[in-house]
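>>> here's a sequence, model it:
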Amino acid sequence: MNVDEILTSRGKLKILKLLFTKGQANITSIARETGLNHGLAEKHLEDLVKAGLVIERRYGRMRIFMVDLRDPKVSGLYEIIRQLESL
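Here you go, the predicted model:
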């Protein structure tokens, strides 16, 4: 996945901004707080995990998604989004 696909997807951006703010959340919480339906939120999360921007942890049946700002790729994207928001 390239940067264009992430920055032009409102759903992916909403999820990333939420995770940057909260640190971690489950799919139900992400869907509710971003206004996306559950299936679309799940698809976007799968794409973000494949891109290496989001980490998925499983606790039994519960799936928790988070970002690791120590990862240079993730922290760089965080800075880009933060700068664009301040324009």
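>>> which SS class is the residue nearest the centre of the chain?
Nearest to the mean C-alpha position of the chain, by Cα atoms, centre = their mean, lies residue 16 at 3.1 Å. Classification of residue 16 using DSSP: H, G, I helix; E, B strand; the rest coil returns helix.
>>> show me where pLDDT drops low in this protein?
By pLDDT under 70, the chain has no low-scoring segment.
>>> all the strands of it, residue numbers only.
24-26, 55-59, 62-66 (DSSP state E).
>>> out of those, which is closest to residue 3?
strand 55-59 (19.1 Å; Cβ to Cβ). For every residue, glycine as well, the C-beta is placed using N, CA and C.
>>> ok, the closest one: who's next to it in the sheet?
Strand 55-59 has the following strand partners under DSSP bridges: strand 62-66 (antiparallel).
>>> can you pull the buried residues of stretch 63-78?
65, 67, 74, 77, 78 (16 or more other Cβ atoms under 10 Å).
>>> export the residues you listed to CSV and tack on distance to residue 41?
Output for those, formatted as CSV (distance: Cβ to Cβ, whole Å):
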residue, distance to residue 41
65, 10
67, 15
74, 19
77, 19
78, 20
